[in-house]
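Q: pasting a predicted model and its sequence here:
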Amino acid sequence: MAIEVNELDKYYGKQAALKGVSFKIEDKEIVGFLGPNGAGKSTMMKILTGYIPPDKGFAAINGINVEEASLELRKQIGYLPEHNPLYHDMYVREFLEFVSSMYEIKHPQARIRETIHLTGLELEKSKKIGALSKGYKQRVGLAQAILHNPSVLILDEPTTGLDPNQIEEIRQLIRQLGREKTVMLSTHIMQEVEAICDRVIIIKKGAIVANDKAENLKQNSLLQVVLVEFDKASIDEVIGGLSHDIRAEKVSDTTWSFSSSSAKDVRKVIFDLAVKNGLSVLSMVKQEEKMEDIFKRYTN
């Protein structure tokens, strides 16, 4: 078991940041750790990386208690905090040499070359970190996190502030790293979760409210959403014939979204009403629930 958390509590004064949190993450699994601001995500990551102690409960990385054997624990973990702390006056290669000396890495120059290649920093390795773009600074942060070849990566908002091209590049790198390492990442970008995560853990007000694969969370939803295009703008006959458990929302001039949590098939209801009132249905699509919808469902 790469990461194990059992009945963990953390308080700041009387304010509970984490309440009875328990979960497990397997080896070489990429898990998205999601939650609204203030839910306890960063607190959980700081506990796992040994920066702050829990008030109650147990957490372990590769069987090492996070409150014991602090130096050994840090050898197992690569950590990228939300606010990436870098020495802006250092050159990229110089910074990585400094990090390698702290970890006492054997054959540091070979490992630095390998890490620079892996993170796509070849063209930037001789530049000062302060002169790099936000995307390349994130790459340097990832480079320092993986330089000592840890088995567990903990990434807090790794793509915040990046442009779409940079986001895709970092995602590809995380997917590549996930083939050999366990990755736990916090993010507010739901497409990122669907693109790279094997499993999703959602936390709300310091407590776990969901823990499953994204596709399972979607299948467990009772919500149906159907997008329908009619042959004319006015569909008062259809709207008037709907039961109270079906919600209608206009999307464009002739297109409507119908949603319901009832067991009956919304498509049949809409089609029957259209036929009854002489309306033509030009298209009807049942939409799959998106990760954003799942997040809202568990956190609102």
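A: Cool, got the structure.

Q: when you work out contacts or count neighbours from here on, use the C-alpha atoms and nothing else.
A: Will do.

Q: SS state for A17?
A: Put simply, A17 is strand when judged by DSSP: H, G, I helix; E, B strand; the rest coil.

Q: what sits against it?
A: By C-alpha atoms under 8 Å, 6 or more residues apart in numbering, the contact set of A17 is D9, K10, Y11, G38, A39, G40, T43, K205, G206.

Q: per-residue confidence at it?
A: Note on A17: pLDDT of 95.

Q: distance of it from K56?
A: Applying C-alpha to C-alpha, to the nearest Å, the value for A17 to K56 is 12 Å.

Q: any common contacting residues for those two?
A: D9, K10.

Q: could you say which helix or strand holds P36?
A: Assessed by DSSP states H and E, P36 sits outside every helix and strand.

Q: now find how far off-centre the helix or strand containing Y79 is within its chain.
A: Under the criterion of DSSP H and E, Y79 resides in strand 77-80. Counting by C-alpha atoms, centre = their mean, to the nearest Å, strand 77-80 is centred 16 Å from the centre of its parent chain.

Q: which strands border that strand, and is each parallel or antiparallel?
A: With DSSP bridges as the test, strand 77-80 is paired with strand 152-156 (parallel).

Q: what's the partner strand in contact with?
A: 2, 42, 45, 61, 76-82, 145-146, 181-187.

Q: same question for stretch 157-175.
A: Outside stretch 157-175, the residues that reach it (C-alpha under 8 Å, 6+ apart) are 80-82, 118-119, 134-135, 138-139, 183, 185-188, 192, 196.

Q: element containing M44?
A: helix 41-48.

Q: same check on K137?
A: helix 134-146.

Q: what average pLDDT does that helix get?
A: Averaging pLDDT residue by residue across helix 134-146 gives 91.

Q: compute the inter-axis angle for it and strand 152-156.
A: Helix 134-146 and strand 152-156 are oriented at 150 degrees to each other (axes from the mean of the first three to the mean of the last three C-alpha atoms, to 10 degrees).

Q: and helix 134-146, what other elements does it pack with?
A: strand 77-80, helix 92-103, helix 108-118 (3 or more C-alpha pairs under 8 Å, 6 or more residues apart in numbering; DSSP states H and E).

Q: quick one: it to chain centroid distance?
A: Distance of helix 134-146 from its chain centroid, counting by C-alpha atoms, centre = their mean, is 18 Å.

Q: export that helix as CSV, just CAs?
A: What follows is helix 134-146 as a C-alpha-only set of coordinates in CSV (Å, rounded to 0.1, in the frame of the first residue of the first chain):
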residue,chain,number,x,y,z
LYS,A,134,5.1,29.9,-15.3
GLY,A,135,5.0,26.6,-17.3
TYR,A,136,8.7,26.1,-17.1
LYS,A,137,8.8,27.0,-13.5
GLN,A,138,6.3,24.3,-12.9
ARG,A,139,8.5,21.9,-14.8
VAL,A,140,11.4,22.9,-12.6
GLY,A,141,9.2,22.2,-9.5
LEU,A,142,8.3,18.8,-10.9
ALA,A,143,12.0,18.1,-11.7
GLN,A,144,13.0,18.7,-8.1
ALA,A,145,10.1,16.5,-6.9
ILE,A,146,11.2,13.5,-9.0
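
Q: and the contacts of it?
A: 77-80, 84-86, 92, 96, 99, 115-116, 119-121, 129, 153, 158-159, 161-163, 166, 170.

Q: one more time with 7 Å
A: Taking contacts as C-alpha atoms under 7 Å, 6 or more residues apart in numbering, the residues outside helix 134-146 that touch it are G78, Y79, L80, N84, L96, V99, T115, I116, T119, I129, L162, Q166.

Q: count the neighbours of the second one for me.
A: To tie it back to what came earlier, the one meant is Y79. Y79: 25 surrounding residues under other C-alpha atoms under 10 Å.
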